[in-house]
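Engineer: Generate a structure from the sequence data that follows.
(one chain, ligands or ions: 1)
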Amino acid sequence: MFDIWNRRYTGSKYKLSSWISELIAENCNGSSFCDIFAGTGIVSYTMLDKMKKIYINDFLYSNEVIYKAFFDAAPYDKKLISEYCSRFQSLSTDNIDENYISINFGGKFFSHTDAKLIGYIREVIESDKDKLSEKEFAILLASLLYSADKSANTVGHYDAYIKGHDIPDTFRFDLINPYKTKKSQIAISREDSNEFARKLKCDIVYIDPPYNSRQYSRFYHVLENITCWRKPELHGVALKPDPENMSDYCRNKAKIVFKELIDSLDCKYIVVSYNNTYESKSSSSKNKMTLEDIEAALSARGEVQRFETSHIFFNAGKTDFNDHKELIFIVKVK
Ligand SMILES: C[S@@+](CC[C@H](N)C(=O)[O-])C[C@H]1O[C@@H](n2cnc3c(N)ncnc32)[C@H](O)[C@@H]1O
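Structural biologist: Modelled structure (predicted):
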């Protein structure tokens with residue numbers, strides 16, 4: 001069974017999550033928490049037994065379905081889910097026709113056999129949608145995303161696949177492990193962060209945006225494609241669809257939208273994650289915002305406390321790790 005952290009995700013705070021949640025416990029007071037760029041959702045996970053209300057937001061479709069699967073308090077039929085699981089685990093590709101995933105991604109992002117299975121299972125989940133509750137649909141689809149990601153022929157994201165070798169068949173459908181949450185504890189949304197922030201009222205807001213030009217919707221396009229299942233035409237070597245959900249945080253206006261976000265928050269505490277990749281030699285991992293930009297925006301809202309630790313993080317081998325630091329800023333809003 002997959003736990004929420006059993007996936008590869010650029011910028012995941014999994015390894016830092018206890019540090020972050022301890023800092024929040026020591027320095028903030030409140031019963032509602034918002035994870036506005038939630039990514040894997042691991043930081044929200046650490047808040048489950050601490051907060052009465054948790055808002056989880058990210059603009060990716062695949063992340064939204066994953067949050068519903070793990071966190072939504074709706075009941076679901078465990079027996080039905082395990083029947084689907086057994087059926088998906090015992091499939092043989094002998095009788096499975098070519099499908100959207102095998103035609104586009106077979107021999108590239110997945111082995112041809114694995115791609116056939118993934119495409120077939122996704123089709124079954126879609127055609128059975130009317131027989132499944134929203135929670136059951138989310139559990140099956142999130143389980144497929146985690147299983148597919150585990151067998152993907154990549155370094156952890158889908159900007160490229162690994163070339164020049166035979167891809168082994170490793171796909172095995174396995175289930176995610178949904179968490180027990182309280183009714184009305186969790187609010188899941190898929191909105192642009194700044195639009196969402198304007199409507200939010202919450203005690204503690206955690207902010208972990210992308211800080212460089214790498215667009216998450218392009219990095220995770222295969223998972224987005226499997227989730228939406230619109231079967232779009234794909235382009236280029238990495239077989240990406242037309243762009244969608246392109247973030248201003250990955251563009252030169254990042255510091256403007258960041259300040260707008262901070263200014264619009266109606267909350268008691270603002271908690272911000274930042275890492276100092278701006279020293280990086282690779283231009284795509286150069287930060288779009290400096291420490292000074294962040295500190296200036298935050299100090300307009302109250303006194304800023306700064307905490308730091310070192311952390312080995314995602315890169316393509318081009319970054320000098322020696323001075324890499326992860327920072328947390330906590331602002332008690334005036
Ligand atoms: C650094 S990651 C967050 C990682 C997360 N804290 C974790 O531990 O997994 C940034 C996230 O922000 C999302 N994102 C980027 N721009 C966004 C926007 N304008 N609105 C909403 N989400 C956005 C991306 O999809 C990505 O998941």
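Engineer: hey, let's count contacts and neighbours off CA atoms from now on
Structural biologist: OK.
Engineer: got a list of contacts for stretch 50-58?
Structural biologist: 30-39, 41, 44, 47-48, 64, 67, 184-193 (C-alpha atoms under 8 Å, 6 or more residues apart in numbering).
Engineer: Tell me which helix or strand the most centrally placed residue in the chain sits in.
Structural biologist: Centroid check for the chain by C-alpha atoms, centre = their mean gives G39 as the closest residue, at 2.7 Å. In this structure, G39 sits in neither a helix nor a strand according to DSSP states H and E.
Engineer: For it, give its distance to N177.
Structural biologist: Separation of G39 from N177 (C-alpha to C-alpha, to the nearest Å): 18 Å.
Engineer: List the residues that contact the residue nearest to the centre of the chain.
Structural biologist: Y9, S12, D58, N63.
Engineer: Closest to I118 out of these?
Structural biologist: N63 (18.1 Å; C-alpha to C-alpha).
Engineer: Restricted to strands, list the contacts of G39.
Structural biologist: Per DSSP state E, strands hold no members of these.
Engineer: Quick one: end-to-end length of stretch 160-179, please.
Structural biologist: Counting by C-alpha to C-alpha, the terminal residues of stretch 160-179 are separated by 33 Å.
Engineer: List the neighbours of that stretch that are in contact with it.
Structural biologist: By C-alpha under 8 Å, 6+ apart, the list of residues contacting stretch 160-179 from outside reads 1-4, 69-71, 85, 88-89, 107-111, 113-114, 139-140, 142-144, 146-148, 150-151, 153-155, 237-238.
Engineer: circling back: need the contacts of G39 in JSON lines (columns: pLDDT).
Structural biologist: Below are those laid out as JSON lines (pLDDT from 0 to 100):
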{"residue": "Y9", "pLDDT": "96"}
{"residue": "S12", "pLDDT": "96"}
{"residue": "D58", "pLDDT": "98"}
{"residue": "N63", "pLDDT": "98"}
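Engineer: Just send these back as CSV, with neighbour count and distance to A160 too.
Structural biologist: As requested, these are exported to CSV (neighbours: other C-alpha atoms under 10 Å; distance: C-alpha to C-alpha, whole Å):
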residue, neighbour count, distance to A160
Y9, 17, 14
S12, 20, 19
D58, 24, 23
N63, 26, 20
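Engineer: just to revisit the earlier point, mind checking which of the contacts of stretch 160-179 are buried?
Structural biologist: Taking 16 or more other C-alpha atoms under 10 Å as the criterion, what is buried in the contacts of stretch 160-179 is 2, 4, 69-71, 85, 88, 107-111, 113-114, 139-140, 142-144, 146-148, 150-151, 153-154, 238.
Engineer: any idea of the pLDDT on the residue nearest to the centre of the chain?
Structural biologist: Note on G39: pLDDT of 98.
Engineer: and whichever strand or helix holds I20, C-alpha only, in PDB?
Structural biologist: Element membership for I20 (DSSP H and E) is helix 17-27. Extracted as PDB, the C-alpha positions of helix 17-27 are listed here (Å, rounded to 0.1, in the frame of the first residue of the first chain):
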ATOM      1  CA  SER A  17       8.100  17.700   7.300                       C
ATOM      2  CA  SER A  18       8.800  17.000  11.000                       C
ATOM      3  CA  TRP A  19      11.000  20.000  11.200                       C
ATOM      4  CA  ILE A  20       8.400  22.200   9.600                       C
ATOM      5  CA  SER A  21       5.500  20.900  11.700                       C
ATOM      6  CA  GLU A  22       7.600  21.300  14.900                       C
ATOM      7  CA  LEU A  23       8.400  24.900  14.000                       C
ATOM      8  CA  ILE A  24       4.700  25.600  13.400                       C
ATOM      9  CA  ALA A  25       3.700  23.900  16.700                       C
ATOM     10  CA  GLU A  26       6.300  26.000  18.600                       C
ATOM     11  CA  ASN A  27       5.700  29.400  17.000                       C
END
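Engineer: Can you list the buried residues in that helix?
Structural biologist: Judged by neighbour count using 16+ other C-alpha under 10 Å, the buried positions of helix 17-27 are S17, I20, S21, L23, I24.
Engineer: Which SSE is immediately downstream of it?
Structural biologist: With DSSP H and E, the next secondary element past helix 17-27 is strand 32-35.
Engineer: and the closest residue to L48 other than its chain neighbours, how many neighbours?
Structural biologist: The shortest distance from L48 to any non-neighbouring residue, by C-alpha to C-alpha, 6 or more residues apart in numbering, is to T181 (7.2 Å). T181 sits with 16 neighbouring residues when counted by other C-alpha atoms under 10 Å.
Engineer: Then the one 4 residues further on?
Structural biologist: With neighbours defined by other C-alpha under 10 Å, the count for Q185 comes to 16.
Engineer: Over to D248?
Structural biologist: Counted with other C-alpha under 10 Å, the neighbours of D248 add up to 17.
Engineer: got the phi/psi numbers for I66?
Structural biologist: Backbone torsions for I66, taken as degrees, to the nearest 10, come to phi -70, psi -40.
Engineer: Can you read off the pLDDT for the spatially closest residue to it that is not a sequence neighbour?
Structural biologist: For I66, ignoring the flanking residues on the chain, the nearest one in space by C-alpha to C-alpha, 6+ apart is A142 at 5.1 Å. Looking at A142, its pLDDT stands at 98.
Engineer: can you check the one 4 residues further on too?
Structural biologist: Looking at Y146, its pLDDT stands at 98.
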